[in-house]
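Trainee: 3D model of this:
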Amino acid sequence: MQTLTTMKSLTVTGPGVAEFLEAERPPVGPRDVAVKIKACGICGSDVFYVQRGGIPPRDSHTPLGHEPAGEIIEVGAEVTGAAVGDHVVINPMANRDGIIGNGGAQGALSDEVVLFDAEAGVHFRVIPDEVPWAVAALNEPMAVAYHGVNRSGADLRSHRRRQEERNQLHVARYAITDWYSSRSRFSRSGTMSPSMISLKCGVLRCASSAA
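Mentor: Got it, this is the predicted structure:
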């Protein structure tokens, strides 16, 4: 594969203005990895950066994109845990030249990104080839949400049990309602018996209190 010396990079150049510029593609050293970007999400913060004309220290010249996924196309001789052709998601916060797409020298809404002093599990993580690029690009926002849950101290197992109990009650409610509806359509009177009224109301009360 031909090595690029320049590449296209979406860059904020002023308030309300973002354009693809020719940017220098950093050389890959013995401890670095080059990734060809295959997909990159657009964050709400990207919209804010465009509106205000960039962010320090790169006002009027802010490369955008921090939710990337891509394919490794070049690996330095000293890098372990990576090979050309690997599909990866990228940690935008770990790069030596600043946070990718958040004030750093590189943005992931570019042809390529170079990860300096790259370590598998720190700067990038290899993912299965069958994961679609658009799904892989959701890794960064998913990590943000997961980090928030971890910091909250929430007990996810208890929450999951409560959710399963609510789901079971709702299933019971709709099953009884559907069963009665089918019976009433073919009954002579179409009225609900006292026993059915009691059973249905009891299930509805249980489902309502659980929800």
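
Trainee: Flag the shaky bits of the chain, pLDDT-wise.
Mentor: Residues of the chain meeting the criterion pLDDT under 70: 1-4, 156, 159, 169-211.

Trainee: One more pass at 80, please.
Mentor: Judged by pLDDT under 80, the chain has its weakly predicted residues at 1-4, 154-211.

Trainee: From Ala108, how far out is the spatially most central residue of it?
Mentor: In the chain, the centroid-proximal residue (C-alpha atoms, centre = their mean) is Leu138; its distance is 2.1 Å. Going from Leu138 to Ala108 by C-beta to C-beta, to the nearest Å gives 14 Å. To be clear about C-beta, it is placed using only N, CA and C from the backbone, and glycine gets the same treatment.

Trainee: what's the overlap in contacts for the two?
Mentor: Counting by C-beta atoms under 8 Å, 6 or more residues apart in numbering, the residues touching both Leu138 and Ala108 are Glu67.

Trainee: List the buried residues in stretch 65-85.
Mentor: 65-76, 79, 82 (16 or more other C-beta atoms under 10 Å).

Trainee: I meant stretch 95-114, not that one.
Mentor: 95, 98-110, 112-114.

Trainee: Can you flag which of these belong to strands?
Mentor: The strands, defined by DSSP state E, take in Glu112, Val113, Val114 from the buried residues of stretch 95-114.

Trainee: circling back: any chance of the buried residues of stretch 65-85 in CSV, plus distance to Gly41?
Mentor: Formatted as CSV, those follow (distance: C-beta to C-beta, whole Å):
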residue, distance to Gly41
Gly65, 8
His66, 8
Glu67, 3
Pro68, 8
Ala69, 9
Gly70, 13
Glu71, 17
Ile72, 20
Ile73, 21
Glu74, 24
Val75, 25
Gly76, 27
Val79, 26
Ala82, 23
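
Trainee: can you redo those residues as TSV with distance to Gln168 and secondary structure?
Mentor: TSV is the format used below for the buried residues of stretch 65-85 (distance: C-beta to C-beta, whole Å; DSSP: H, G, I helix; E, B strand; the rest coil):
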residue	distance to Gln168	secondary structure
Gly65	43	coil
His66	41	coil
Glu67	37	coil
Pro68	41	strand
Ala69	37	strand
Gly70	43	strand
Glu71	44	strand
Ile72	46	strand
Ile73	50	strand
Glu74	53	strand
Val75	50	strand
Gly76	54	coil
Val79	50	coil
Ala82	46	coil
